[in-house]
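**Q** Here is my input, please return the structure:
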Amino acid sequence: MFRLRSVLAATATSAVMILAASPAPAPAADPSYKVLVFSKTAGFRHSSIGTGVQAIRDLGAANNFTVDATEDGAAFTGANLAQYRAVVFLLTTGDVLNDTQQGAFESYVRSGGGYVGVHSASDTEYQWPFYGGVVGGYFHSHPAIQQATVRVEDRAHASTSHLGADWVRTDEWYNFQANPRANVHVLARLDEGTYSGGTMGDHPIAWCQNYQGGRSWYTAGGHTEQTYAEPGFRAHLLGGLRYAAGVTDADCRAENGYTSLFNGGNTNGWSQAGPGGFTAADATLTSHGGLGLLWHSAKEFRSYSLKLDWKLAGDDNSGVFIGFPASNDPWSAVNNGYEIQIDATDAADRTTGSVYGYKAADIAARDAALNPAGEWNTYELLVEGERLQLFLNGVKINDFTMTARSARWGSAWT
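**A** Here you go, the predicted structure:
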């Protein structure tokens with residue numbers, strides 16, 4: 001399965017692309033780990049705190065993690081925090097930690113710890129710059145509780161992969177003091193035309209980031225008790241917890257300036273070469289009918305960043321071709337271009353992360369960043385002249401100079 005995400009113009013990126021020959025299996029069980037839920041308030045107190053704590057306990061019981069819950073800042077010591085893979089700031093408000101406790105949390109994050117912020121976690125610790133950085137943005141205001149449409153920007157992240165392109169739900173929708181997009185990877189945004197009281201225009205509502213050595217995930221949802229009974233929101237929260245805890249990987253680098261190559265509904269601008277074909281449904285491209293290559297014929301790119309998301313059902317074999325002359329003959333790509341491989345098992349120079357037949361990936365880095373069959377992975381192909389750098393879930397795993405063949409052409413095949 002492939003999802004094309006976007007192409008960045010002279011650095012061009014592509015939209016998400018999925019290719020799969022069969023339904024993906026359920027992901028393997030996560031290793032056991034521990035999570036700390038912190039819900040202390042020094043300002044407004046949400047009546048949904050107890051419901052939220054119980055929802056996270058339920059998620060833990062079903063997904064192999066243990067939950068400790070506290071409203072005592074004394075839990076923030078180096079020795080105590082070290083036992084947790086992630087700390088959840090659940091509906092916190094105001095100044096909730098003293099200087100010593102703040103220092104312990106900073107050290108925890110810088111040592112690789114995970115942060116999860118839910119709803120009013122962004123209405124917390126306004127005078128602590130490190131916290132403002134790790135949460136990604138501070139609360140400004142909100143209108144009345146109402147229904148709105150959330151536009152999902154990244155459907156590969158574990159917290160949004162279960163969602164469609166649009167997510168319609170009811171909550172208390174926060175406006176933020178500043179748009180966080182330049183510093184975080186936006187997973188979903190609000191469509192301000194679908195409700196009253198939005199003030200931001202471009203309105204991120206859930207995001208992730210790597211922050212000073214740790215992982216951070218934030219969602220502005222979670223105001224009402226009913227929220228925590230919604231299957232979609234519970235899956236959203238679980239995905240954020242799994243990411244912050246480091247049991248699933250994602251590319252959470254900030255993205256700016258990308259243009260979509262595939263809008264999720266059709267393959268306009270793309271051409272089929274060779275047998276078989278691809279069907280487009282649910283923002284996903286699925287192959288059928290044998291060896292066939294789908295290539296972007298509407299525009300040529302020469303220096304660009306191409307992003308795509310992919311998922312294997314098992315020991316599948318696929319890839320992305322670049323650097324070949326435009327042609328409806330599939331062998332143009334095979335004989336003149338370079339294939340960035342997606343294959344669970346093969347020789348080192350012919351498996352996932354390799355430039356097929358030319359250069360193997362850094363296998364240790366690849367294995368550390370790779371999500372298993374049944375989960376999404378993200379590729380970035382960064383082409384600068386003849387240099388190709390390949391990132392898997394935000395981690396660089398290959399660096400190759402395209403000198404063995406002509407690298408004059410920039411079309412992309414899948």
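**Q** residues touching Ile49, list them.
**A** With contact set as CB atoms under 8 Å, 6 or more residues apart in numbering, Ile49 has these partners: Ser39, Thr41, Leu90, Leu91. C-beta coordinates here come from the backbone N, C-alpha and C atoms, glycine included.
**Q** Run through the residues that contact the third one.
**A** The neighbours of Leu90, taking CB under 8 Å, 6+ apart as the test, are Val37, Phe38, Ser39, Ile49, Gly52, Val53, Ile56, Val118, Ala121, Gly222.
**Q** Go over the secondary structure and confirm Ala368 is in a helix.
**A** Yes. Counting by DSSP: H, G, I helix; E, B strand; the rest coil, Ala368 is part of a helix.
**Q** How much space separates the spatially closest residue to it that is not a sequence neighbour from Pro330?
**A** Distances taken as CB to CB, 6 or more residues apart in numbering put Val395 closest to Ala368, at 7.1 Å, once the chain neighbours are dropped. Remark: distance between Val395 and Pro330 (CB to CB, to the nearest Å) = 31 Å.
**Q** In terms of neighbours, single out the busier of those two.
**A** Pro330 (20 against 17; other CB atoms under 10 Å).
**Q** quick one: that one and Ala273 touch, right?
**A** Yes. The pair Pro330 / Ala273 is scored as a contact, 4.4 Å apart, by CB atoms under 8 Å.
**Q** the bottom helix or strand of this protein by mean pLDDT?
**A** strand 14-18 (a mean of 26; mean pLDDT, DSSP states H and E).
**Q** Show me where the stretch 51-200 of the chain has its helices.
**A** 78-81, 99-110, 129-135 (DSSP state H, counting those that start in this stretch).
**Q** cool, and the stretch 201-350 of the chain?
**A** Along the stretch 201-350 of the chain, counting by DSSP H, counting those that start in this stretch, helices occupy 231-244, 330-336.
**Q** And those helices: which comes nearest Val320?
**A** helix 330-336 (9.9 Å; CB to CB).
**Q** gap between the closest one and the chain center?
**A** On the basis of CA atoms, centre = their mean, to the nearest Å, helix 330-336 sits 32 Å off its chain's mean C-alpha point.
**Q** mind listing what Gly114 touches?
**A** So Gly114 contacts Arg85, Ala86, Val87, Gly214, Arg215, Ser216, Trp217, Tyr243, Ala244, Ala245, Gly246 (CB under 8 Å, 6+ apart).
**Q** if we go to 7 Å?
**A** By CB atoms under 7 Å, 6 or more residues apart in numbering, the contact set of Gly114 is Arg85, Ala86, Val87, Gly214, Arg215, Ala244, Ala245, Gly246.
**Q** quick one: which of the residues you listed sit in strands?
**A** If you go by DSSP state E, the contacts of Gly114 have Ala86, Val87, Gly214, Arg215 in strands.
**Q** biggest separation within those residues, which pair?
**A** Top of the distance list for those (CB to CB): Val87 and Arg215, 11.0 Å.
**Q** Can you give me the first-to-last residue distance of stretch 67-77?
**A** Counting by CA to CA, to the nearest Å, you get 17 Å between the two ends of stretch 67-77.
**Q** Touching it from outside, list them.
**A** 34-40, 53, 56-57, 60, 96-98, 101, 104-105.
**Q** how about 10 Å then?
**A** 34-41, 49-50, 52-54, 56-61, 80-81, 83-84, 87-88, 90, 92, 95-98, 100-105, 107-108, 241 (CB atoms under 10 Å, 6 or more residues apart in numbering).
**Q** list the buried ones in it?
**A** Val67, Ala69, Gly73, Ala75, Phe76, Thr77 (16 or more other CB atoms under 10 Å).
**Q** Equivalent analysis for stretch 155-173, please.
**A** 155-163, 167, 170-173.
**Q** and which of these is nearest Leu382?
**A** Nearest member of the buried residues of stretch 155-173 to Leu382, counting by CB to CB, is Ala156, at 17.6 Å.
**Q** Centre of the chain to stretch 278-286, how far?
**A** Taking mean C-alpha positions (CA atoms, centre = their mean), stretch 278-286 and its chain are 19 Å apart.
**Q** what's the span of that stretch, first residue to last?
**A** End to end - CA to CA - stretch 278-286 spans 5 Å.
**Q** ok, back up a step: among the buried residues of stretch 155-173, which are in strands?
**A** Using DSSP E, the buried residues of stretch 155-173 in strands are Trp167, Thr170, Asp171.
**Q** Turn those into JSON lines, columns for pLDDT and distance to Glu339.
**A** Output for these, formatted as JSON lines (pLDDT from 0 to 100; distance: CB to CB, whole Å):
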{"residue": "Trp167", "pLDDT": "97", "distance to Glu339": "35"}
{"residue": "Thr170", "pLDDT": "98", "distance to Glu339": "46"}
{"residue": "Asp171", "pLDDT": "98", "distance to Glu339": "44"}
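**Q** Can you give me every residue that contacts the nearest residue to Thr286 once chain neighbours are set aside?
**A** Spatial nearest neighbour of Thr286, chain neighbours left out: Thr279 (5.1 Å); criterion: CB to CB, 6+ apart. With contact taken as CB under 10 Å, 6+ apart, Thr279 is in contact with Thr267, Leu285, Thr286, Ser287, His288.
**Q** sorry, back to before: now the buried members of the contacts of stretch 67-77.
**A** For those, buried by 16+ other CB under 10 Å: 35-41, 49, 52-53, 56-57, 59-60, 81, 84, 87-88, 90, 92, 95-97, 101-102, 104-105, 108, 241.
**Q** Can you pull out the low-pLDDT segments for this structure?
**A** Scanning the chain with the threshold set as pLDDT under 70 gives 1-28, 263, 290, 404-414.
**Q** what residue is smack in the middle of it?
**A** Centroid check for the chain by CA atoms, centre = their mean gives His157 as the closest residue, at 3.3 Å.
**Q** so how far is Asp249 from it?
**A** 10 Å.
**Q** Pull up the overlap in contacts between those two.
**A** Arg242, Tyr243, Trp376, Thr378, Asn393.
**Q** Surely the fourth one forms part of a strand?
**A** What it means is Thr378. Yes. The assignment for Thr378 (three-state DSSP) places it in a strand.
**Q** ok, back up a step: what would the helices of the stretch 51-200 of the chain look like in CSV with distance to Thr352?
**A** CSV is the format used below for the helices of the stretch 51-200 of the chain (distance: least, CB to CB, whole Å):
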stretch, distance to Thr352
helix 78-81, 35
helix 99-110, 30
helix 129-135, 32
